[in-house]
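Engineer: sequence-free structure coming up:
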């Protein structure tokens, strides 16, 4: 079993090794999930020679903590950043793609300083500034791509003129996958957000809800993620 010492206790993660991988993906699960729920995605990514690492959020899976209170966004970012740093140490020359579902997607955006409420919808921007990380914890040039699944509206203010935080890098490829029938994070918000970012590719899945990788469409979603990731990595190789 794989652990590291986080600021609030021992954090568990899983790794699905690949010999000589073309890339490595770091996955941050959503609330109520853990790394053990993502074996199917890891198997799909292994099919394109991509190694996956996945974190157990504090209080979830085998990580220490309270499952009802996984931590503030700053604490979640700190835990996830430690895992990314471990990946970069272990596989320093492999393209790195950050992936997040729901709360994990919020955390992934916050690692880039880009998770912030829309100023028009935030009642107290001073409190928002205190509670939401606005400075990247992971350098933008450390990532080859970003995959977001079921990202909630509350983190989609990035890119609005005058919003807090750091804008997404203009040259960072982003894939957003979202269920058309998502009731927990309705798709309308991510459509508006996508329109503000030229590098975001939004894939909408009809008759699918919030947890795309565990619904009947899971194989198609995983295949789309793998195809997109391979395209991004191949495109990077051609630029070099």
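Structural biologist: Right, received. Where do you want to start? Just so we're clear, the structure is a prediction, and the values are computed from it rather than from any experiment.

Engineer: after the lowest-mean-pLDDT helix or strand in the chain, next one along is what?
Structural biologist: Here the helix or strand of the chain ranked lowest by mean pLDDT, DSSP states H and E is helix 125-131, holding a mean of 69. With elements assigned by DSSP states H and E, the helix or strand that comes after helix 125-131 is strand 145-149.

Engineer: that following strand packs against which elements?
Structural biologist: Packing contacts for strand 145-149, counted by 3 or more C-beta pairs under 8 Å, 6 or more residues apart in numbering; DSSP states H and E, involve strand 96-101, helix 103-111, strand 174-179, helix 218-239. C-betas here are computed from N, CA, C, even on glycine.

Engineer: redo those as a markdown table? Include mean neighbour count and mean pLDDT.
Structural biologist: A markdown table is the format used below for the helices and strands packed on strand 145-149 (neighbours: other C-beta atoms under 10 Å; pLDDT from 0 to 100):
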| stretch | mean neighbour count | mean pLDDT |
| --- | --- | --- |
| strand 96-101 | 26 | 98 |
| helix 103-111 | 27 | 97 |
| strand 174-179 | 25 | 98 |
| helix 218-239 | 16 | 89 |
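
Engineer: right, and these - which one's nearest residue 81?
Structural biologist: Among the helices and strands packed on strand 145-149, helix 103-111 comes nearest to residue 81, with 6.1 Å by C-beta to C-beta.

Engineer: quick check, residue 38 in contact with residue 29.
Structural biologist: Yes. The pair residue 38 / residue 29 is scored as a contact, 6.9 Å apart, by C-beta atoms under 8 Å.

Engineer: overlap of the contact sets of the two?
Structural biologist: Residues touching both residue 38 and residue 29 (C-beta atoms under 8 Å, 6 or more residues apart in numbering): residue 54.
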